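In: here is my input; please provide its structure:
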Amino acid sequence: MTNVLSPLRALLGAPEQAAPESLASRLNWLRAGVLGANDGIVSVAAVVIGVAGATSAVHPILLAGTAALIGGALSMALGEYVSVSSQRDALRARIARGEAADDDDVSPVHAALASLIAFLVGGLLPFLCAVLVPVPPRVPVTFGAVLLALALTGWLGARFGDAPPFRATVRVVIGGAIALGITFGIGALLGTSISG
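Out: Next up, the predicted model:
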């Protein structure tokens with residue numbers, strides 16, 4: 001049976017209907033996807049908002065945003081691959097020693113790809129806002145778009161994990177707002193001290 005979340009599940013490589021025995025696999029792709037998207041949104045937004053606080057010129061924002069988008073996606077994918085590979089190695093060692101272990105094998109490649117794609121998709125929104133929106137409303141539009149995107153990922157993560165969505169959404173939005181406020185303030189402070 002398909003539903004409105006089916007395209008997102010397909011994009012992240014998740015099974016359409018997870019069987020109870022594949023709960024670890026379902027939670028793994030969910031964790032990697034939501035963490036990757038949230039990290040992409042917040043990391044890239046923090047960089048472009050910080051640079052926008054220092055300068056209104058598009059070129060430095062474009063350069064810093066591109067580096068944050070590509071570097072962050074690769075870092076997330078590598079970190080996810082190493083983490084899941086280590087977890088899988090430890091699980092296989094327990095099984096080889098005859099210890100009871102959950103034999104639900106999680107793919108480090110799938111987790112890495114889910115994290116990479118989710119980071120890129122999440123990071124594109126603040127990047128495009130900061131580069132394409134003209135100067136006067138650039139920061140508020142980017143800030144607003146980021147908070148809406150974080151609300152969506154918070155809700156989706158809770159929905160996929162069968163958790164209450166309100167708390168997850170509020171937690172993610174507040175954390176993102178704090179990160180953006182701090183990086184904008186630092187960018188504005190450094191931009192003023194460098195140019196002044």
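In: continuing past the top helix by length along the chain, what's the next helix or strand?
Out: For the chain, the longest helix by residue count, based on DSSP state H, is helix 58-96. Toward the C-terminal end, the helix or strand that comes next after helix 58-96 (DSSP states H and E) is helix 108-132.
In: show me what counts as buried in that next one.
Out: Burial within helix 108-132, assessed by neighbour count using 16 or more other C-beta atoms under 10 Å, is assigned to 108, 110-127, 129-131. Every C-beta, even on glycine, is put in place using the N, C-alpha and C of the backbone.
In: try stretch 139-150
Out: Buried residues in stretch 139-150, counted by 16+ other C-beta under 10 Å: 139, 142-143, 145-147, 149-150.
In: got the CA positions of stretch 69-85 in PDB?
Out: Taking C-alpha atoms only, stretch 69-85 is exported to PDB below (Å, rounded to 0.1, in the frame of the first residue of the first chain):
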ATOM      1  CA  LEU A  69      27.200  22.000   0.800                       C
ATOM      2  CA  ILE A  70      29.800  19.800  -0.800                       C
ATOM      3  CA  GLY A  71      32.100  19.400   2.200                       C
ATOM      4  CA  GLY A  72      29.200  18.800   4.600                       C
ATOM      5  CA  ALA A  73      27.500  16.200   2.400                       C
ATOM      6  CA  LEU A  74      30.800  14.200   1.900                       C
ATOM      7  CA  SER A  75      31.500  14.500   5.700                       C
ATOM      8  CA  MET A  76      28.100  13.200   6.600                       C
ATOM      9  CA  ALA A  77      28.300  10.300   4.100                       C
ATOM     10  CA  LEU A  78      31.800   9.300   5.300                       C
ATOM     11  CA  GLY A  79      30.800   9.600   9.000                       C
ATOM     12  CA  GLU A  80      27.600   7.500   8.400                       C
ATOM     13  CA  TYR A  81      29.600   4.900   6.500                       C
ATOM     14  CA  VAL A  82      32.200   4.500   9.200                       C
ATOM     15  CA  SER A  83      29.700   4.500  12.000                       C
ATOM     16  CA  VAL A  84      27.400   1.800  10.400                       C
ATOM     17  CA  SER A  85      30.400  -0.300   9.300                       C
END
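In: contacts for it, please.
Out: Outside of stretch 69-85, the residues within contact range by C-beta atoms under 8 Å, 6 or more residues apart in numbering are 28, 32, 35-36, 39-40, 43-44, 106-109, 111-116, 118-120, 123-124, 127.
In: center of this structure, which residue is that?
Out: Centroid-nearest residue in the chain: Ala37, 2.4 Å away (criterion: C-alpha atoms, centre = their mean).
In: for it, give me its contacts.
Out: Residues in contact with Ala37, defined by C-beta under 8 Å, 6+ apart, are 118-119, 121-122, 153.
In: what's the farthest-apart pair in those?
Out: Phe119 and Thr153 (11.6 Å; C-beta to C-beta).
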